[in-house]
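Visitor: Below is the sequence, then the predicted model.
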Amino acid sequence: MKKVVFILGPTAVGKSAVAVDLAKKMNGEIISADSVQIFKGLDIGSAKVTKEEMSGVVHYGIDICDAKENFSAFEFAQYTKQKINDICSRNKLPIVVGGTGLYVRSLVEGYNFGGTDKDENLRNYLEKLCKEKGVEALFEILKNEAPQEAEKIDQNNPVRIIRAIEINRNQSKKATEKPDIDALVIGLVMSREILYERINMRVDKMLQEGLVDEVKKLKDCGLSENNQSMHAIGYKEVLPYLNGEISYDKMVELVRQHSRNYAKRQLTFLRGMKNCHMIDMQNKEHGFKEIKKLVEDFLR
RNA sequence: GGUACCAUCGCCAAGUGGUAAGGCAAAGGUCUGCAAAACCUUUAUUCCCCGGUUCAAAUCCGGGUGGUACCU
């Protein structure tokens, strides 16, 4: 069993810094489990760690996908498993850091799912059908084509139903095998009030650092709201601002609000993680000491 | 000072005599194939205040308060 440390928590709680500190002290390498940081060119808005912040620690899972491409939990699972093997073979400690619940859980709990490429035509057709006839129509299709899947699925959720139909019609890639890992799961938390304050400050910082320019550059490269990467918070709001659809102030307000909503969902997800050690990061020093102790005991 | 219009949840609102729609926010939640996505649940015993009419008022009448527009 390969020992792997997971650092989880809501956006802006300070995961990246903790992970780098830990990697330095424990001879570790970092794997980012973040569905946005995988994209090249989405730097400021995804709060990607800079070279300086990495301070020499090796990071994986960042800039591994072109912003025009699609990426899914399946690809992440494939990629990560390989990296974990690689890191362990060099006798280093893999530290998975991330806010994307599904990515993390798929590893920790050993989900085995396959993958399927996006089928644009089918999707467009199904999306249109959904608009015209409602989700019920989508669900009917799934029920006819894959009754077993239909039983498990949320009948009101068009995104999931469409994906299920897509997978059922197209050949599924080989399912991932359960990774052979022994996980130490650490969840970083702090009071909602302080977290929200940090989020607001972080959004301001992103804007100062040139978030709008970053999105403009991506837009000039031909990216639009149709790209998966542009569904990310900070991008899906700046785009309509650049198109003159909403005001600057409205855009800022939305980025903040969506970040808060996201943090709340992450917290909910975290509460559902089994065997997760919650660490209060309100006091950074104290929190880090606790983490270090947990990791030392784990590796013993 | 005069005249007109308006006042419904944190915000935007529907409702014009029959017992408070909806959206956003907020809070809680779901999650094995797009997850920073998508979806679900909850949230005004009460309609600016006081009085009146009526079996019944957010809705009608009178007064007050606040806002907006125009006139002087």
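Guide: Cool, the structure landed.

Visitor: hang on, residue A:83 packs against residue A:58?
Guide: No: because the distance of 9.9 Å does not satisfy CB atoms under 8 Å, residue A:83 is recorded as not touching residue A:58. (C-beta placed from N, C-alpha, C; glycine too.)

Visitor: which secondary structure elements does the helix or strand hosting residue A:82 contact?
Guide: Taking DSSP states H and E as the definition, residue A:82 sits inside helix A:73-89. Of the remaining helices and strands, those touching helix A:73-89 by 3 or more CB pairs under 8 Å, 6 or more residues apart in numbering; DSSP states H and E are strand A:2-8, strand A:28-33, strand A:59-60, strand A:93-98, helix A:101-108.

Visitor: One more pass at 6 Å, please.
Guide: Helices and strands in packing contact with helix A:73-89 are listed as strand A:28-33, helix A:101-108; criterion 3 or more CB pairs under 6 Å, 6 or more residues apart in numbering; DSSP states H and E.

Visitor: Dump those to JSON lines, plus mean pLDDT.
Guide: Shown next, in JSON lines, are the helices and strands packed on helix A:73-89 (pLDDT from 0 to 100):
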{"stretch": "strand A:28-33", "mean pLDDT": "97"}
{"stretch": "helix A:101-108", "mean pLDDT": "92"}
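
Visitor: Could I get those in CSV, plus columns for mean neighbour count and distance to RNA strand B?
Guide: Converted to CSV, the helices and strands packed on helix A:73-89 look like this (neighbours: other CB atoms under 10 Å; distance: least, CB to the nearest atom of the strand, whole Å):
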stretch, mean neighbour count, distance to RNA strand B
strand A:28-33, 25, 9
helix A:101-108, 22, 4
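
Visitor: And the helices in chain A, which stretches?
Guide: A:15-26, A:51-54, A:73-89, A:101-108, A:120-133, A:135-145, A:147-152, A:158-169, A:192-208, A:211-220, A:238-242, A:248-271, A:284-299 (DSSP state H).

Visitor: Single out the most deeply packed of the ones you listed.
Guide: Mean neighbour count (mean count of other CB atoms under 10 Å) peaks for helix A:101-108 among the helices of chain A, with a mean of 22.

Visitor: now what about it, what contacts it?
Guide: Helix A:101-108 has contacts (CB atoms under 6 Å, 6 or more residues apart in numbering) with A:8, A:33, A:73, A:76, A:77, A:98, A:183, A:269.

Visitor: Distance from it to the middle of the chain?
Guide: Once both centres are worked out by CA atoms, centre = their mean, to the nearest Å, helix A:101-108 turns out to sit 9 Å from its chain's centre.

Visitor: and what of stretch A:218-230?
Guide: The chain centre lies 18 Å from the centre of stretch A:218-230; the measure is CA atoms, centre = their mean.

Visitor: Please apply the same query to stretch A:9-18.
Guide: Per CA atoms, centre = their mean, the centroid offset for stretch A:9-18 relative to its chain is 13 Å.

Visitor: got the CA positions of that stretch in CSV?
Guide: Coordinates of the C-alpha atoms in stretch A:9-18 are reproduced here as CSV (Å, rounded to 0.1, in the frame of the first residue of the first chain):
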residue,chain,number,x,y,z
GLY,A,9,-10.5,22.3,2.1
PRO,A,10,-12.5,25.1,0.6
THR,A,11,-11.1,27.7,-1.7
ALA,A,12,-8.9,30.4,-0.1
VAL,A,13,-8.4,28.4,3.1
GLY,A,14,-4.6,28.2,2.4
LYS,A,15,-4.1,24.6,1.1
SER,A,16,-1.3,25.4,-1.2
ALA,A,17,0.9,27.0,1.4
VAL,A,18,0.4,24.2,3.8
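
Visitor: for the record, mean pLDDT for that stretch?
Guide: Taken as a whole, stretch A:9-18 carries a mean pLDDT of 96.

Visitor: ok, it near RNA strand B or not?
Guide: Yes: residues of stretch A:9-18 contacting RNA strand B under CB under 7 Å from any atom of the strand: residue A:11.
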